[in-house]
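1. sequence unavailable; structure follows:
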């Protein structure tokens with residue numbers, strides 16, 4: 001089963017890392033990604049550019065309103081996504097609990113893990129109606 005993992009981190013902490021700290025952090029994260037790939041649990045993922053490059057869309061007064069940056073009023077912003085192949089939620093939690101970003105005391109982030117929704121039946125029904 002696929003699980004979508006949303007990685008959050010305080011961008012300001014990452015920006016304040018020394019070059020050595022940043023390299024150590026990145027190297028540990030990429031090494032763990034390689035381990036997940038080697039064991040067949042990594043199904044995809046992408047890092048995201050900083051939140052200042054984001055746009056949030058909302059409907060206001062019946063029109064689409066574009067807000068610069070992420071909508072969330074929080075220090076932690078989503079930094080990337082990972083798609084895991086895991087047996088169940090507990091297995092996905094076990095895999096992500098080893099991610100190096102959680103262990104770093106300076107700038108450690110968090111991961112939100114959600115099962116991917118299977119929309120195949122809903123898609124088929126919608127195609128029949130259209």
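-> In hand now; what should we look at? Computed from a prediction, not measured in an experiment: that's the story for all the values here.
2. all contacts plus neighbour counts: C-alpha atoms, from now on.
-> Will do.
3. mind listing the helices for this protein?
-> Per DSSP state H, the chain carries helices over the ranges 11-15, 19-38, 89-96, 100-103, 120-129.
4. need the winner for burial among those helices.
-> Across those, averaging neighbours per residue (mean count of other C-alpha atoms under 10 Å) puts helix 100-103 on top, at a mean of 18.
5. pretty sure residue 80 is in contact with residue 48, am I right?
-> Yes: look at residue 80 against residue 48 with C-alpha atoms under 8 Å: they come within range, at 5.0 Å.
6. so which of these two has more stuff around it?
-> Higher neighbour count among residue 80 and residue 48: residue 80, with 17 against 14, using other C-alpha atoms under 10 Å.
7. pLDDT at that one, what is it?
-> For residue 80, the pLDDT comes out at 88.
8. again, but for residue 121
-> At residue 121, pLDDT is 91.
9. which ones are touching it?
-> Counting by C-alpha atoms under 8 Å, 6 or more residues apart in numbering, residue 121 makes contact with nothing.
10. ditto for residue 1
-> 85-88, 115-116.
11. phi, psi for the closest residue to residue 32 other than its chain neighbours please.
-> In space, and not counting its chain neighbours, residue 32 is closest to residue 99: 6.5 Å by C-alpha to C-alpha, 6 or more residues apart in numbering. Here is the backbone geometry of residue 99 (degrees, to the nearest 10): phi -70, psi 130.
12. surely residue 99 meets residue 29?
-> Yes: under the criterion of C-alpha under 8 Å, residue 99 makes contact with residue 29 at 6.8 Å.
13. of the helices of the chain, which approaches residue 59 most closely?
-> Checking the helices of the chain against residue 59 by C-alpha to C-alpha gives helix 120-129 as the closest, at 24.3 Å.
14. buried set for stretch 51-64?
-> Neighbour counts over stretch 51-64 (16 or more other C-alpha atoms under 10 Å) mark residue 51 as buried.
15. measure it end to end?
-> Stretch 51-64 has an end-to-end distance of 20 Å (criterion: C-alpha to C-alpha, to the nearest Å).
16. next, count neighbours for residue 47.
-> A count of nearby residues for residue 47, using other C-alpha under 10 Å, gives 11.
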